[in-house]
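Enquirer: 3D model of this:
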Amino acid sequence: VSTETDTEVQENEYDMVLLSVGMRPSGAATELAATLGIRTDDRGFAIANDELAGQGVHVIGTVAGPMDIEETAVRAMSAAARVTIAKEVAK
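Expert: Numbers count the residues shown, from 1 in each chain. Okay, the predicted model is just below:
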């Protein structure tokens with residue numbers, strides 16, 4: 001990998017290089033969180049809340065912070081399972 005500044009060029013050899021983009025919540029997600037009474041952290045990501053989950057509002061996916069597709073899917077399946085179990089218990 002070659003990096004260049006105004007004063008020098010550096011060459012470094014690596015086994016692997018990973019590139020990633022930054023992530024921040026959209027304004028619409030922040031507004032929706034406020035409308036639903038969901039608190040956000042200092043970066044604007046929604047904070048999961050068991051009380052709201054009990055009312056059917058679940059914080060899932062990148063609205064809660066940077067995460068990959070697999071983690072998002074696992075959290076979604078977990079929320080779906082909790083809802084299903086709660087409905088069965090309520091019968």
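
Enquirer: would you pull up how far stretch 38-47 lies from the middle of the chain?
Expert: The gap between the average C-alpha position of stretch 38-47 and the chain average comes to 10 Å, counting by Cα atoms, centre = their mean, to the nearest Å.

Enquirer: same check, this time on stretch 33-43
Expert: On the basis of Cα atoms, centre = their mean, stretch 33-43 is displaced by 13 Å from the centre of the chain it belongs to.

Enquirer: stretch 51-59 now?
Expert: 16 Å.

Enquirer: and the contacts of it?
Expert: Defining contact as Cβ atoms under 8 Å, 6 or more residues apart in numbering, one finds that stretch 51-59 is touched by Leu36, Gly37, Ile38, Ala46, Ile47, Ala48, Asn49, Ala79, Arg82, Val83, Ala86. C-beta: built from backbone N, CA, C; applies to glycine.

Enquirer: for this structure, what's the longest helix?
Expert: Secondary structure assigned by DSSP state H gives helix 69-90 as the longest helix of the chain.

Enquirer: please identify the buried residues of that helix?
Expert: Buried positions in helix 69-90, judged by neighbour count with 16 or more other Cβ atoms under 10 Å: Arg75, Ala79.

Enquirer: which strands or helices does it pack on?
Expert: Based on contacts counted as 3 or more Cβ pairs under 8 Å, 6 or more residues apart in numbering; DSSP states H and E, the elements that helix 69-90 packs against are helix 50-54.

Enquirer: what about the helix it packs on, average pLDDT?
Expert: Per-residue pLDDT values over helix 50-54 give a mean of 76.

Enquirer: gap between it and the chain center?
Expert: What separates the centre of helix 50-54 from the centre of its chain is 18 Å, taken as Cα atoms, centre = their mean.
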